[in-house]
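Fold the following.
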Amino acid sequence: MARLYVSKLDKDMREQIEGACYTEMELEGIRGILQRTIDARMKAARGVIAMFVVMDLFVLWTEVFVRTNPSVETAVISLGALVAMEVFIWWFVWELQIGILKRGFNRAADQGYPQLPHCRLR
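Numbering: from 1, shown residues only. The predicted structure is shown next:
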């Protein structure tokens, strides 16, 4: 059976952050590691967006130049459905790989270190 990978903060680490067990420097180090991970995933996500745009251009090219009897309505509907599907897929993957991780860390940091707002993930 296929499973989706959800990127989230380790349970023990989350509990230690919520309990303020780390020094400010250690928390800043954890935040830095997580921020680099998020930045790398965002860079990969931009590549996926570029791939989606190229794919959409190929679909548009096919609709306009290859079809013997092009219909504007058909092209708009098929391209609109494709773009809507791509936006949903991109949002869903972003949420699984970045959103849950950011929210989990920021909630734990807010609970354990409310005096350190600069330690939140952006």
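
Buried ones in the helix-or-strand element of the chain with minimal mean pLDDT, by neighbour count?
Every helix and strand in the chain was compared by mean pLDDT, DSSP states H and E; the lowest is helix 72-94, with a mean of 89. Residues of helix 72-94 classed as buried by neighbour count (16 or more other Cβ atoms under 10 Å): 75, 86, 93. The way it works is simple: take the backbone N, C-alpha and C, and place the C-beta from them, glycine included.

Just give me how far stretch 83-101 sits from the chain centre.
Remark: stretch 83-101 is offset 6 Å from the chain centroid, using Cα atoms, centre = their mean, to the nearest Å.

cool, stretch 11-29 as well?
Between the centre of stretch 11-29 and the centre of its chain there are 24 Å (Cα atoms, centre = their mean).

Buried residues in that stretch, which are they?
By neighbour count on 16+ other Cβ under 10 Å, the buried set for stretch 11-29 is 13-14, 16-17, 20, 22, 27.

Go through those residues and flag which are in helices.
Counting by DSSP state H, those place 13-14, 16-17, 27 in helices.
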